[in-house]
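> test case, fold it:
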Amino acid sequence: MRSAAMLGKRPGWLLASLLMFSFSATAVDRTQDSWYLQTSVYTQHYSPEPDHNNHQRLIGIERHLPDASLWGAATFKHSFGERANYLYYGKRFALGESAFYLKLTGGLLEGYKGEYQDKIPLNRLGVAPAIVPSVGASHNRLSAELVLLGAAAAMVTVGVRL
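Model prediction:
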């Protein structure tokens, strides 16, 4: 079992790694169609509870279009360890000529059922609308994103443009 001190050091290490990555990042050609494959590497709940899962095991794929729009799908273990899925459409917003960007997606979130149904707003029949903002940085074909998961958590993802 990990100690509280060990967990306390991990976010600092992760933040330092992201900052180093972002300073070495280069702008990505956003004018071409491409596929983007991503996975989660770290999650932190804002108000952790003993039954929270911080290992989402997210696998996602996105189709990026020349107009900066995108669509995608992701599957992951939600905060309580059950499989969930997110189908979405969104847009990337370049921050000038830098390697940094903002991304906003909206879609349908499925998988919060039974005792967890009320853990996300507007959840009807196990499906709820969701809006997910993130900020990212790219270097060649690689990207890292800080994804904000509503009022519950923040997640770091890494991915590769195929």
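
> what bits of this protein have low per-residue confidence?
Residue ranges of the chain with pLDDT under 70: 1-31.

> and if we set it to 90?
1-32, 47-55, 78-81, 112-120, 124-126, 150-152 (pLDDT under 90).

> test of understanding: give the bridge partners of the spatially most central residue of it.
Nearest to the geometric centre of the chain sits Val147, at 4.0 Å (C-alpha atoms, centre = their mean). Counting by DSSP bridges, Val147 is bridged to Ser134, Met155.

> which residues touch the residue nearest to Gly106 when sequence neighbours are not counted?
Leaving aside its chain neighbours, Gly106 sits nearest to Ile131 (4.8 Å; criterion: C-beta to C-beta, 6 or more residues apart in numbering). (Each C-beta comes from the backbone N, C-alpha and C, glycine too.) By C-beta atoms under 8 Å, 6 or more residues apart in numbering, the contact set of Ile131 is 104-106.

> what subset of the residues you listed is buried?
In those, burial by neighbour count holds for Thr105, counting by 16 or more other C-beta atoms under 10 Å.

> and which of the contacts of Ile131 is nearest to Val160?
Distance to Val160, by C-beta to C-beta, is smallest for Thr105 among the contacts of Ile131, at 18.5 Å.
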